[in-house]
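**Student:** Can you look at this prediction? I've put the sequence above it.
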Amino acid sequence: MSLLKPLVLTKVVEHDLCIGCGACISVCPSKALDITWNNYGFLVAQANENRCDNDGACLNVCPFNTEPNESYQNEDGLAIQYLSGVPLYHPKIGHYNSLYAGYSHKHRESSSSGGIGTYIYEKLFDLGIIKHVVTVGDSNKPDAHYQYKVVSSKEELLTISKTRYHPVTLATVLTEIKELDGDVAISGVGCFIKAIRLAQNNDPSLKEKIKFLVGIICGGVKSTFFTEYLADKAGATSNQFSNPEYRVKDPESTASDYGFSCIDNPTKIRKIIKMRQVGDMWGSGLFKANACDFCDDVTTELADISLGDAWLSPYDQDGRGHNVAVSRSNIADQILQQGLISGELELEELSQESFLASQQGSFNHRHDGINTRIEMVKRIGMATPPTRVMPTPLPFYLQLVQKARRCTRAKSLQIWALHKNSIVFDKNMKLEKLKLKVITKLSHVIRRAKSSIGIKS
Ligand SMILES: Cc1cc2nc3c(=O)[nH]c(=O)nc-3n(C[C@H](O)[C@H](O)[C@H](O)COP(=O)(O)OP(=O)(O)OC[C@H]3O[C@@H](n4cnc5c(N)ncnc54)[C@H](O)[C@@H]3O)c2cc1C
């Protein structure tokens, strides 16, 4: 056992802020860290038997570092380094060239939203910019459905499109890519992209090797309990399922009317359930990582391109899916413009207001509520990373919403860890979910009443 505890454990993991990205593992000079599943279905860093020299390299690449030193860069500092010369800036969007809504004709059917993620990768291969994509596909390990993997052909890429709301880690991949012949592109949610930028600062060879980052706009990382719960709700035999698919589109319906499916292993039958049948899994914070409540990067600000769903009329009326895209580098812009000219992409420019509206729920929760959440956890002695959002007082009714969401999130993890059964879970969560619903409804009523007499919330 290590004599000294790696700093990332005392400053991050012990405050329930580890997101499992594994950047710390790839930089640890004494190889004193591993990644493991915790009791709540998340991947987290842990110490192994090697001796830690306590030099703090692990903390310097951690996206949720609670005690950054003067050389540690936050998203704003990293953007100056990695997105220099990008002409536009908005405090909620970050640095960018242009904003779009659209899709790829070839890819959207087999993709989560508009398929621009897979399209970009294909073009990066075609242009000879990269030889490999590091992205999330099927796992070869028994304890995970999905994992980061290296994909070195366009054909394989097409088979692994789609979003996986499943914990994954870059722990071994960041080391692996240094050995690859040729440059790489990587996809990741905001905190993973930040970890990659920090790792690039730590190791110039990664700066050379990683030529492009596809940012996934993220509303929160889910525990593996989320997948288990959905599989159980869909009717799969308890814990005997495979191939979970989180975004089964309904082309005849709206974009948000998607389903979850998985294969029931004993019968080999594909089980499917519409997400509207399971209720709100995102706004309620169910099965979400604690760290996500302390992340203010809503749009994955450090990627070359950030991609999300166009939760915006008229795009959300089309069940085949549309992306919103924030291009932040010249390569990203060139690929999108070429796609528009060739007719491979359908793209419409979005105004800042329209883009912001497409992620409004996430901004409301992540930015407006963050200071309330920080105060809540500080009161119980837990640390949080520094954030960039100015402290602004939240009216009492919105503070209550934040408190109710924190309780729902925590309880969902405790209840699933104990029972692993969706009927028991739903019964045990009923009151908590009802409380959240009533408090949220009340806050809407107060907000509407205030705005009708000209008072801003
Ligand atoms: C945890 C999570 C939360 C999200 N929350 C939001 C949200 O709040 N608002 C919003 O607008 N969009 C959100 N998204 C993004 C959205 O679901 C789509 O992933 C995005 O719009 C890209 O769609 P696409 O059709 O272009 O991607 P595709 O063409 O389907 O390609 C997706 C690519 O991403 C890779 N990938 C899949 N899962 C992961 C993962 N976990 N980490 C890294 N790479 C991955 C795939 O291997 C594939 O290469 C979220 C995604 C994730 C993973």
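**Tutor:** That came through fine. Residues are numbered from 1 along each chain as shown.
**Student:** going forward, measure contacts and count neighbours with C-alpha atoms only.
**Tutor:** OK.
**Student:** is it true that residue 129 touches residue 208?
**Tutor:** No. If you go by CA atoms under 8 Å, residue 129 and residue 208 don't touch, sitting 11.9 Å apart.
**Student:** Show me the common contact partners of the two, please.
**Tutor:** Residues touching both residue 129 and residue 208 (CA atoms under 8 Å, 6 or more residues apart in numbering) are residue 183.
**Student:** Between these two, which has more neighbouring residues?
**Tutor:** Neighbour count, other CA atoms under 10 Å: between residue 129 and residue 208, residue 129 has more, with 17 against 12.
**Student:** secondary structure element for that one?
**Tutor:** Following DSSP states H and E, there is no helix or strand that holds residue 129.
**Student:** Tell me the spacing between residue 226 and residue 430.
**Tutor:** The spacing between residue 226 and residue 430, counted by CA to CA, to the nearest Å, is 17 Å.
**Student:** The two: which is more packed in?
**Tutor:** The residue with more neighbours, out of residue 226 and residue 430, is residue 226; 21 against 11, by other CA under 10 Å.
**Student:** Look up phi and psi at that one.
**Tutor:** Phi and psi for residue 226, reported as degrees, to the nearest 10, are phi -60, psi -50.
**Student:** List the contacts of it.
**Tutor:** Contacts of residue 226 (CA under 8 Å, 6+ apart): 286, 287.
**Student:** how far away is it from residue 285?
**Tutor:** According to CA to CA, residue 226 and residue 285 sit 11 Å apart.
**Student:** do the same with residue 31
**Tutor:** Counting by CA to CA, the gap from residue 31 to residue 285 is 34 Å.
**Student:** Which of the two has more residues huddled nearby?
**Tutor:** More crowded of residue 31 and residue 285, by other CA under 10 Å: residue 285, with 24 against 17.
**Student:** Tell me the pLDDT of that one.
**Tutor:** pLDDT recorded at residue 285 is 95.
**Student:** And for it, nearest residue in space, chain neighbours not counted?
**Tutor:** Excluding its sequence neighbours, the residue lying closest to residue 285 (CA to CA, 6 or more residues apart in numbering) is residue 409, at 5.0 Å.
**Student:** Please, which helix or strand holds that neighbour?
**Tutor:** helix 396-419.
**Student:** For that helix, list every residue counted as buried.
**Tutor:** For helix 396-419, a neighbour-count test (16 or more other CA atoms under 10 Å) marks 397-413, 415-416 as buried.
**Student:** other SSEs contacting the helix or strand following that helix?
**Tutor:** For helix 396-419, the succeeding helix or strand toward the C-terminus, using DSSP H and E, is helix 422-452. Counting contacts by 3 or more CA pairs under 8 Å, 6 or more residues apart in numbering; DSSP states H and E, helix 422-452 is packed against helix 224-234, helix 396-419.
**Student:** how does it look with 6 Å?
**Tutor:** helix 396-419 (3 or more CA pairs under 6 Å, 6 or more residues apart in numbering; DSSP states H and E).
**Student:** what about the helix it packs on, average pLDDT?
**Tutor:** 97.
**Student:** which strands and helices sit next to the helix holding residue 409?
**Tutor:** With contacts defined as 3+ CA pairs under 6 Å, 6+ apart, helix 396-419 has these neighbours: helix 422-452.
**Student:** Also compute the angle for the helix it packs on relative to helix 396-419, please.
**Tutor:** Orientation check (axes from the mean of the first three to the mean of the last three CA atoms, to 10 degrees): helix 422-452 against helix 396-419 gives 170 degrees.
**Student:** What are the buried residues along helix 422-452?
**Tutor:** 422, 425-426, 428-429, 432-433, 436-437, 439-440, 443, 447.
**Student:** quick one: is the lowest-mean-pLDDT helix or strand in the chain near the ligand?
**Tutor:** None of the helices or strands of the chain scores lower by mean pLDDT, DSSP states H and E than helix 154-159, at a mean of 89. No. Applying CA under 6 Å from any ligand atom, one finds helix 154-159 separated from the ligand by no less than 6.9 Å.
**Student:** Could you list every helix and strand in contact with that helix?
**Tutor:** Against helix 154-159 (3+ CA pairs under 6 Å, 6+ apart) you get no helix or strand.
**Student:** in that helix, what counts as buried?
**Tutor:** Neighbour-count burial for helix 154-159, with 16+ other CA under 10 Å as criterion, is recorded at 154, 157, 158.
**Student:** okay, and for the protein, where does confidence drop off?
**Tutor:** By pLDDT under 70, the low-scoring segments of the chain are 1-3, 457.
**Student:** domain parsing for it?
**Tutor:** As assigned by automatic domain parsing, the chain contains the domains 7-57, 75-222+284-362, 369-452.
**Student:** Straight-line length of the shortest one, end to end?
**Tutor:** Criterion CA to CA; first-to-last residue distance in domain 7-57 is 9 Å.
**Student:** Distance from the chain centre to that domain, please.
**Tutor:** 20 Å (CA atoms, centre = their mean, to the nearest Å).
**Student:** On the three-state scheme, residue 324 is what?
**Tutor:** Following DSSP: H, G, I helix; E, B strand; the rest coil, the label given to residue 324 is strand.
**Student:** Return the set of residues that bridge with it.
**Tutor:** Taking DSSP bridges, one obtains residue 101, residue 308 as the residues bridged to residue 324.
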